[in-house]
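Q: missing the sequence, but the structure's below:
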Ligand code: ASP
């Protein structure tokens, strides 16, 4: 039944239809469609009748040449090599092709199935800057594809502390590993790593530059959440909040979102932390409405997505940020006041939960609008898809899947059940 979910999601994405519109198009109730989209382990999950499956197949087959192709529109590549350095490498179609692979990975990411398609492959995870989720999730994604991971963290214990160049480090590691994930505090440094090797390199954050895999998992999450809520990305209102100057995740995400149509971006930040002009100019080219403000309350009103970010204190010396007061905090009272029941609250994490930090409040933790842990969960499937694409195994995954033998809970977080599995 896993395949049925992938086919249906793919069909809705390619037809650019909400669940309601798609249910009407194939002549079934929204409720029936929801049950066909549920994960297999959900007690309410149902198999789609043969006749409906055939009809969906016929609709897709009748789509114009090109859009009906199930062949992926990529490998992910940069200057002829299988590398992921910038979100600029993606078109809307190639991102959607990647998301098809991510959908296929979901049962593995959720520990229902296993695969060994990367058995024998080794990943070098090189993190020269702080990280928890990006490092562990890239590692876990590689392991769930059957590979193994070697990690190094920080400069202190690396040869860079002895003055080794990026070129030398990159070339050396290329002899040890089959793929390299790199995070480094300098913008452009990961591209320098990539130039010194022919093996796949993934940019896991280069200073204030980019964080492409985060943007991909964010858009993937928005699409899945919107599907549940009966919305599509075209025409959505996205509010980006916080440190838009140094926050690399919003740089990549804004560019990726701008591949859609008719968006409204509200960019909310203290005056000294505004979105760089080149990114604003770039999204402006897509014909989207852009508003910039430092007024949080006004900025969040009517947003479909509120994407909060942490102040990147590690990137600037001056501690005081004018306008970044407790009033600037996104918390339950504010969200209840100015956002709708369907507004998604997202954050790339980590959020600074120390007293006095004005980052996204924890009092939203039990609110189903808070999508931060769905983002992190989806990160595994998306990063598996990235590896599968870069290493050329995406066509082997489906047939390689076996049932997982160990027992794991139906949902991993105590609050996850609020969604009744309708994701
Ligand atoms: N984890 C994200 C990043 O590495 C966001 C952050 O650190 O605030 O860019």
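A: Yep, that arrived. Remember, it's a predicted structure, so these values are computed and weren't measured experimentally.
Q: and the one helix or strand residue 53 maps to, what's its mean pLDDT?
A: Assigned by DSSP states H and E, residue 53 falls within helix 50-61. When pLDDT is averaged over helix 50-61, the result is 86.
Q: cool, and stretch 226-234?
A: Average pLDDT, stretch 226-234: 95.
Q: Start and end of that stretch, how far apart?
A: End-to-end span of stretch 226-234 (C-alpha to C-alpha, to the nearest Å): 11 Å.
Q: quick one: buried residues of it?
A: Of all the residues in stretch 226-234, those buried under the rule 16 or more other C-beta atoms under 10 Å are 226-228, 231-233. Any C-beta I mention is one placed from the backbone N, CA and C, and that applies to glycine too.
Q: Which pair in the residues you listed has the greatest spatial separation?
A: Pairwise distances across those (C-beta to C-beta) peak at 13.4 Å, for the pair 228 and 233.
Q: Look up how far the ligand lies from residue 225.
A: To the ligand, residue 225 is 20 Å away according to C-beta to the nearest ligand atom, to the nearest Å.
Q: close enough to count as contact, that residue and residue 372?
A: No. Residue 225 lies out of contact with residue 372 (C-beta atoms under 8 Å); the separation is 11.6 Å.
Q: More neighbours: those two, which one.
A: The neighbour count for residue 225 versus residue 372, taken as other C-beta atoms under 10 Å, is higher for residue 225 (22 against 19).
Q: what's the helix or strand for the more buried one?
A: Using DSSP H and E, residue 225 sits in helix 212-229.
Q: What residues sit buried inside that helix?
A: 212-228.
Q: thinking again about what came up before, just list what the helix holding residue 53 packs against, helices and strands only.
A: If you count contacts as 3 or more C-beta pairs under 8 Å, 6 or more residues apart in numbering; DSSP states H and E, helix 50-61 packs onto helix 2-15, helix 19-26.
Q: Show me what counts as buried in it.
A: By neighbour count with 16+ other C-beta under 10 Å, helix 50-61 contains the buried residues 52-53, 55-56, 60.
Q: and which of those is nearest the ligand?
A: Closest approach to the ligand among these (C-beta to the nearest ligand atom): residue 60, at 36.6 Å.
Q: Check the burial of residue 289 by counting its neighbours.
A: Residue 289 has 12 neighbours, counted by other C-beta under 10 Å.
Q: OK, contacts around it?
A: Neighbour list for residue 289: 263-265 [criterion: C-beta atoms under 8 Å, 6 or more residues apart in numbering].
Q: what's the closest of those residues to residue 155?
A: Among the contacts of residue 289, residue 265 lies closest to residue 155 (C-beta to C-beta), at 35.8 Å.
Q: The residue nearest to that closest one when sequence neighbours are not counted: which element?
A: Nearest non-adjacent residue to residue 265, counting by C-beta to C-beta, 6 or more residues apart in numbering: residue 290, 4.8 Å away. Assigned by DSSP H and E, residue 290 belongs to strand 289-293.
Q: That strand pairs with which strands, and in what direction?
A: Partners of strand 289-293 in the sheet, by DSSP bridges, are strand 264-268 (parallel).
Q: Could you give the average pLDDT over the partner strand?
A: Strand 264-268 comes out with an average pLDDT of 98.
Q: picking that back up, the strand holding residue 290: which residues count as buried?
A: Residues residue 290 are the ones in strand 289-293 that count as buried (16+ other C-beta under 10 Å).
Q: next structured bit after it?
A: Beyond strand 289-293 toward the C-terminal end (DSSP H and E), the next one is helix 296-300.
Q: Could you pull up the mean pLDDT of that following helix?
A: The average pLDDT for helix 296-300 rounds to 97.
Q: do the same with stretch 144-155
A: Here stretch 144-155 scores 93 as its mean pLDDT.
Q: got the buried residues for that stretch?
A: For stretch 144-155, burial by neighbour count (16+ other C-beta under 10 Å) applies to 144-147, 149, 152-153.
Q: Turn these into TSV, including distance to residue 380 and secondary structure.
A: Formatted as TSV, the buried residues of stretch 144-155 follow (distance: C-beta to C-beta, whole Å; DSSP: H, G, I helix; E, B strand; the rest coil):
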residue	distance to residue 380	secondary structure
144	7	helix
145	10	coil
146	14	coil
147	14	coil
149	14	strand
152	21	strand
153	20	strand
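Q: Mind picking the two most distant members of the residues you listed?
A: 146 and 153 (23.7 Å).
Q: which outside residues touch the helix holding residue 53?
A: The list of residues contacting helix 50-61 from outside it, by C-beta under 8 Å, 6+ apart, reads 4, 7-8, 11, 14-15, 25-28, 36, 48, 68.
Q: from those residues, which is closest to residue 345?
A: When the contacts of helix 50-61 are ranked by distance to residue 345 (C-beta to C-beta), residue 8 comes first, at 26.7 Å.
Q: Would you check that the closest one makes contact with residue 36?
A: Yes. Contact criterion C-beta under 8 Å: residue 8 and residue 36 qualify, at 6.1 Å.
Q: so how far is the helix or strand hosting residue 105 off the chain centroid?
A: Using DSSP H and E, residue 105 falls within helix 92-109. Helix 92-109 has its C-alpha centroid displaced from the chain centroid by 11 Å (C-alpha atoms, centre = their mean, to the nearest Å).
Q: what comes up buried for it?
A: Applying 16+ other C-beta under 10 Å to helix 92-109 flags 93-109 as buried.
Q: who does it touch, helix- and strand-wise?
A: Contacts defined by 3+ C-beta pairs under 8 Å, 6+ apart place helix 92-109 against helix 2-15, helix 133-144, helix 212-229, helix 372-390, helix 394-400.
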